[in-house]
Structures are given as C-alpha cells and as structure tokens.
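>>> need a structure here:
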Amino acid sequence: MFICSYVVEKFMKYTTIRISIEDKKKLERLSKKLSKNLADTLRYAIEVAEREADKFKGDVDKVLSTLKHARSIEETNAEKVDEYLYGGTD
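The predicted structure follows:
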C-alpha cells in the first residue's frame, strides 16, 4: 500500500495558489486541529466542501435573489414573529 502511495505522489503535478493572509491563517489553525500539513488540510477541506455541495439540491441563484427583498427589522420582539414574517395580525 505504501509503495502505491509513493508512486502516485512521484507523478503528482503541483501548482501555486494565492489566498488571502486571513484564509492562510484559518487554514493553519485547521491544520493544527487536524494534525495535518497545509496541503493535506486543503485537500480535506475541498473534499468536505464537495460532499456538502453535492448534498444541496436547491438553486443557489434563487436563494441569493431573495436577499434583494431582505430588510432590517431592527430590534424585535419574539412574541410578534408572525407579524414580522407575515405582516399584520389576524
């Protein structure tokens, strides 16, 4: 098994990516939590993101377009949630 892994890595191609300093710091923190190097942590994060994205069955554009109608209702009273959501009381 180890030999197979070595053969795969021997022929891997590499590239450089640019990320913000903040994202690199996040990746470094995650790397420490997972006890992995930065490259393995990034691979892991991509795998998790792909699995999560595959679970989503909706239309992202439709979800984002609803934000056009969003507005702040400032401080709210939880007892009036129906009024906030549906506009008025019956």
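>>> Only C-alpha atoms from now on, for both contacts and neighbour counts.
Fine.
>>> what's residue 42 in contact with, if anything?
Shown in contact with residue 42 (C-alpha atoms under 8 Å, 6 or more residues apart in numbering): residue 27.
>>> Which parts of the helix or strand encompassing residue 50 count as buried, going by neighbours?
Remark: residue 50 resides in helix 38-55, with elements defined by DSSP states H and E. Burial within helix 38-55, assessed by neighbour count using 16 or more other C-alpha atoms under 10 Å, is assigned to 38, 41-42.
>>> In a markdown table, list these along with pLDDT and distance to residue 56.
Formatted as a markdown table, the buried residues of helix 38-55 follow (pLDDT from 0 to 100; distance: C-alpha to C-alpha, whole Å):
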| residue | pLDDT | distance to residue 56 |
| --- | --- | --- |
| 38 | 93 | 27 |
| 41 | 95 | 23 |
| 42 | 94 | 21 |
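>>> Roughly how far does residue 55 sit from residue 63?
Distance of residue 55 to residue 63, given as C-alpha to C-alpha, to the nearest Å: 15 Å.
>>> actually residue 22, not the one I wrote
Separation of residue 22 from residue 63 (C-alpha to C-alpha) stands at 27 Å.
>>> and what of residue 72?
For residue 72 relative to residue 63 (C-alpha to C-alpha), the value is 18 Å.
>>> Ok, residue 57 next?
Counting by C-alpha to C-alpha - residue 57 and residue 63 are separated by 12 Å.
>>> hang on, the earlier thing: CA atoms only for the helix holding residue 50, dumped as PDB, please.
This file holds the C-alpha atoms of helix 38-55, laid out as PDB (Å, rounded to 0.1, in the frame of the first residue of the first chain):
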ATOM      1  CA  LEU A  38      -1.300  22.600   4.900                       C
ATOM      2  CA  ALA A  39      -1.600  20.700   1.600                       C
ATOM      3  CA  ASP A  40      -3.400  17.700   3.200                       C
ATOM      4  CA  THR A  41      -5.600  20.100   5.200                       C
ATOM      5  CA  LEU A  42      -6.600  21.900   2.000                       C
ATOM      6  CA  ARG A  43      -7.300  18.600   0.200                       C
ATOM      7  CA  TYR A  44      -9.500  17.600   3.200                       C
ATOM      8  CA  ALA A  45     -11.400  20.900   3.100                       C
ATOM      9  CA  ILE A  46     -12.000  20.600  -0.600                       C
ATOM     10  CA  GLU A  47     -13.300  17.000  -0.200                       C
ATOM     11  CA  VAL A  48     -15.700  18.100   2.600                       C
ATOM     12  CA  ALA A  49     -16.900  21.100   0.600                       C
ATOM     13  CA  GLU A  50     -17.500  18.900  -2.500                       C
ATOM     14  CA  ARG A  51     -19.600  16.500  -0.400                       C
ATOM     15  CA  GLU A  52     -21.600  19.300   1.100                       C
ATOM     16  CA  ALA A  53     -22.200  21.000  -2.200                       C
ATOM     17  CA  ASP A  54     -23.400  17.700  -3.700                       C
ATOM     18  CA  LYS A  55     -26.000  17.400  -0.900                       C
END
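>>> Thank you, goodbye.
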